[in-house]
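> fold the stuff below for me.
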Amino acid sequence: MHDSQRPDSVRADGERLKGIPGFSIDKVAAAAGSDPQVLRTENLDTDIPPPAAAIEATRAAVGTDEANSWLPFTGMSELKQEVARMIVRRGGPQYDPEREVVITSGEGDNMLDALLALTDPGDEVIVPDPTYAGMLQRVRLAGDVPRLVPLHPSRQGWRWDLDALEAAVTDRTQAIFFGNPSFPSGWVLNDEEWAAVQRICTERQIRLLYWSAMEAIVFGGRKVVVPAALEGMRDLTVTLGGVAFEQRMIGWRIGWIVASEAVTPQLGMVHIYNGLVASGFNQLGAIAALRADDHAAGVAEWERRHDVTMEQLAGLPAIPAHGGWSLLLDAEAAGTTAPDLSAALLEHRVAATPMTAWGETVAPRHVRFVYSNEPVERLAPLGERVRAALS
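Numbers count the residues shown, from 1 in each chain. A predicted model of the protein is given here:
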């Protein structure tokens, strides 16, 4: 290229990044530093260790030829089989492990895989508000248009606005996208909400992109629901799971997509070009974890920590979670803004993330408290510190 043909400047970024804000969790974590007295409620971590069998299997696999290969691109057969067995064990339908399961590098790229394979730029995807920022912004990265439907808070928890859900569906809607429990709110769908989702999906032939990574982390004796088992939903449900939460294996970065045979080849192809292959030795660890099926003790402990967190926040506009690892407090109802409250909390040794990029009208009002990473005894000063930050 001659100098006369060179552009005056290099474009800073692509059009697809317009309107996508940066993540704020790492900024809060950096500001919190390494002070051991700071309550670390800003990031979705847990101190409850992974299954011992998973650790042992991973260590044994490191350096072996089987675990150090590009193949198979879409995942080991043994892991696909364990994923399919888990779905059946929880009351879901049978899926063919080889034809209907794809193993991915965590529960992030499986979301983008599904959006890239099953939607086109300009399609609409319905998501709740609040929702995981990684879900909302991946919708935008794929070129889709998110249609946010509000969750309504109460002292009993969150409920979806079903009238708004119905109104959000248009001829351009290709999917409804949420997790159950939902992150960051801890919303768990009730029977009426599941019935509404089922009816809309089956009547309009709209897919459900279902983030199942916290599926069994439900409190108060609530049942585990596998939406693919609902009438007419098996082939409309694309299940996006992983071992990060129930199995506490965040660093393993192993996930999966389970879908009908009609669309799995497309999902697998996008996975190969997007994530290529998941770690072999981590897949062997994930196989051991799913066989161990030991999530119940973790759920009981997370529920205990949730209940203590709510006790500490009694009288403040905190909304109880019905599952998951975190809950929200309405900063605006407390007389401030989420960013200002987050900053004030840091001054009082509480790291908590504002939900400014996690929705449209509901999420930005809230600050998130992750209770999964702090033992009950360390949560004892939380209420005093929050009230001091609000004073």
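> so which elements touch the helix ranked longest in the chain?
Ranked by number of residues, the top helix in the chain under DSSP state H is helix 295-312. In this structure, helix 295-312 makes packing contacts with strand 326-330, helix 382-390, judged by 3 or more CB pairs under 8 Å, 6 or more residues apart in numbering; DSSP states H and E. Using the backbone N, CA and C atoms, a C-beta is placed for each residue, glycine as well.
> please state the offset of the longest one from the chain centre?
Just to be clear, that refers to helix 382-390. Put simply, helix 382-390 sits 28 Å off its chain's centre (CA atoms, centre = their mean, to the nearest Å).
> so for that helix, mean pLDDT?
Helix 382-390 carries an average pLDDT of 98.
> tilt between that helix and strand 326-330?
30 degrees (axes from the mean of the first three to the mean of the last three CA atoms, to 10 degrees).
> can you pull the buried residues of helix 382-390?
Under the neighbour-count criterion of 16 or more other CB atoms under 10 Å, helix 382-390 has L382, G383, R385, V386, A389, L390 buried.
> in three-state terms, label Q37 for me.
coil (DSSP: H, G, I helix; E, B strand; the rest coil).
> need the phi and psi values for the residue nearest to it when sequence neighbours are not counted.
Nearest residue to Q37, sequence neighbours excluded (CB to CB, 6 or more residues apart in numbering): R349, at 5.3 Å. When read as degrees, to the nearest 10, the backbone of R349 gives phi 60, psi 40.
> now do the contacts for R349.
D35, Q37, V38, L39, R385 (CB atoms under 8 Å, 6 or more residues apart in numbering).
> check T356 too.
When contacts are counted by CB under 8 Å, 6+ apart, T356 touches P21, S24, A338, P339, A363, P364.
> can you list the helices and strands that the strand or helix carrying Q198 packs against?
Here Q198 sits within helix 191-204, counting by DSSP states H and E. For helix 191-204, the packing partners by 3+ CB pairs under 8 Å, 6+ apart come out as strand 157-160, helix 162-168, strand 173-179, strand 207-211.
> which other residues reach the strand or helix carrying K27?
If you go by DSSP H and E, K27 is part of helix 25-32. By CB under 8 Å, 6+ apart, the residues outside helix 25-32 that reach it are V38, R40, E42, N43, S342, L346, A351, A352, T353.
> tell me, how many residues neighbour the last one?
Read that as T353. Neighbourhood size, T353 [other CB atoms under 10 Å]: 30.
> next one: the second one
Residues lying near R40 (other CB under 10 Å) number 19.
> one step back: and the residue nearest to Q37, how far from G33?
Separation of R349 from G33 (CB to CB, to the nearest Å): 10 Å.
> and what of M355?
M355 is 22 Å from G33, by CB to CB.
> and the two? which has more neighbours close in?
Taking other CB under 10 Å, M355 and G33 do not tie; M355 has more neighbours (27 against 10).
> about what we covered before: buried residues in the helix holding Q198?
By neighbour count on 16+ other CB under 10 Å, the buried set for helix 191-204 is E193, A196, V197, Q198, I200, C201.
> surely A388 touches V350?
No: when contacts are counted by CB atoms under 8 Å, A388 is not listed as touching V350 (9.4 Å).
> what packs against the host helix or strand of L267?
When elements are assigned from DSSP H and E, L267 belongs to helix 264-274. In terms of contacts (3+ CB pairs under 8 Å, 6+ apart), helix 264-274 is packed against strand 101-104, helix 109-118, strand 255-258.
> could you dump the ones you listed into TSV with mean pLDDT and mean neighbour count added?
Formatted as TSV, those follow (pLDDT from 0 to 100; neighbours: other CB atoms under 10 Å):
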stretch	mean pLDDT	mean neighbour count
strand 101-104	98	28
helix 109-118	97	25
strand 255-258	98	30
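> now those in a markdown table, with distance to L79?
Formatted as a markdown table, these follow (distance: least, CB to CB, whole Å):
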| stretch | distance to L79 |
| --- | --- |
| strand 101-104 | 6 |
| helix 109-118 | 14 |
| strand 255-258 | 8 |
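> looking at the ones you listed, which is nearest to A318?
Nearest to A318, of all the helices and strands packed on helix 264-274, is helix 109-118, at 28.1 Å by CB to CB.
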